[in-house]
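Asker: quick check, what structure comes out for this input:
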Amino acid sequence: MSLPLLERIKIQAEVLVPLVKHLQVELGEAKANGIVKKGLGGWARDLGRAIGSATSGTSVEKLSAALPLFAAGDALDLEVLQQTKDALDFNVTRCRYATFYQELRAPELGFLLVCSMDYELTEGVGSDVELTRTQTLMQGASHCDFRWRRRPSV
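Answerer: Model (predicted):
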């Protein structure tokens, strides 16, 4: 049985947080964060590909089917606003990923290591879907606003 994603993220943080902090001191924050984002982007795209190949339907439907993966272990409280084959809109009103990184006193690293990977994950699921998100709990907002849309075919 695989660990819930929240537990995997916590284990990864044991190594990644001190490594990223060291890289930021040595290279500067912007350069270090760019390297980390680029390096972890492949991991996130691979996760997206795995989600995409595990279910059928549109990319939006595949993301809908994956919500339990992200919420496993009581990780998220979700308010689903719209869920169709072409659109998935929801707000995250409680996020234990954010709580964990806030407890580490590193929410900016939580955003870098977790939240910013959502776009690469989306890319991995399929080229026919796009994510719009304007705010996150990790960055101090009242909620995260996820809006996935299926791109019209050309």
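
Asker: so after the host helix or strand of Leu47, what's the next helix or strand?
Answerer: Assigned by DSSP states H and E, Leu47 belongs to helix 29-54. Downstream of helix 29-54, the next assigned helix or strand under DSSP H and E is helix 59-71.

Asker: just how off-centre is that next one within its chain?
Answerer: Centroid separation for helix 59-71 versus its chain: 12 Å, with C-alpha atoms, centre = their mean, to the nearest Å.

Asker: now do stretch 33-51
Answerer: Taking mean C-alpha positions (C-alpha atoms, centre = their mean), stretch 33-51 and its chain are 10 Å apart.

Asker: with stretch 138-154 instead?
Answerer: 11 Å.

Asker: so what touches it?
Answerer: 58-60, 63, 79, 85-93, 95, 97-98, 101, 107, 110-111, 114-115, 118, 122, 127-137 (C-beta atoms under 8 Å, 6 or more residues apart in numbering). From N, CA and C alone the C-beta is placed, and that goes for glycine too.

Asker: would you map the helices across the chain?
Answerer: 5-27, 29-54, 59-71, 96-103, 107-113, 118-125 (DSSP state H).

Asker: which residue, neighbours along the chain excluded, lies closest to Lys37?
Answerer: Among residues not flanking Lys37 along the chain, Ser116 sits closest, at 5.9 Å (C-beta to C-beta, 6 or more residues apart in numbering).

Asker: from Gln82, how far off is the one you found?
Answerer: Per C-beta to C-beta, to the nearest Å, Ser116 is found 24 Å from Gln82.

Asker: who has more neighbours out of the two?
Answerer: Neighbours around Ser116 and Gln82, counted as other C-beta atoms under 10 Å, are more numerous at Ser116. The numbers are 18 against 11.

Asker: distance of that one from Gln139?
Answerer: Distance of Ser116 to Gln139, given as C-beta to C-beta: 11 Å.

Asker: what stretches of the protein score poorly on pLDDT?
Answerer: 1, 154 (pLDDT under 70).

Asker: can you pull up the most central residue in it?
Answerer: Asp118 (3.6 Å; C-alpha atoms, centre = their mean).

Asker: chain neighbours aside, what residue packs nearest to that one?
Answerer: Using C-beta to C-beta, 6+ apart, the nearest residue to Asp118 is Leu131, at 6.0 Å.

Asker: quick one, what contacts Ala66?
Answerer: Contacts for Ala66 (C-beta under 8 Å, 6+ apart) come out as 51, 54-55, 125.
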